[in-house]
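> Just the structure for this:
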Amino acid sequence: MDRKQERTNQVNVDFTEIVKKAYEKGVNETEMTVEKLLEDLKTDLKQIVIS
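Down below sits the predicted model:
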């Protein structure tokens with residue numbers, strides 16, 4: 001049970017970091033489009049599922 005909780009906590013941390021990264025990109029990059037931002041988010045989120 002502890003191992004499952006540990007994995008859940010790590011996924012939550014990873015998700016939070018991905019959202020922060022996307023937010024920073026959206027705010028700071030002038031050439032960023034919504035489509036590109038969503039594409040990057042999908043790619044990053046798939047990495048959580050794979051690992």
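> Torsion angles phi and psi at Ala32?
Careful, residue 32 is Met and not Ala. phi -70, psi 130 (degrees, to the nearest 10).
> In the longest helix along the chain, which residues are buried?
Longest helix of the chain, by residue count under DSSP state H: helix 2-28. Across helix 2-28, burial judged by 16 or more other Cβ atoms under 10 Å covers Ile18, Ala22. Placement of C-beta: from N, CA and C, glycine included.
> Show me what that helix is packed up against.
helix 34-50 (3 or more Cβ pairs under 8 Å, 6 or more residues apart in numbering; DSSP states H and E).
> Distance of the residue sitting nearest the centre point of the chain relative to Val11?
Nearest to the geometric centre of the chain sits Ile18, at 2.4 Å (Cα atoms, centre = their mean). Per Cβ to Cβ, to the nearest Å, Ile18 is found 10 Å from Val11.
> List the residues that are in contact with both of the two.
Common contacts of Ile18 and Val11 (Cβ atoms under 8 Å, 6 or more residues apart in numbering): Ile48.
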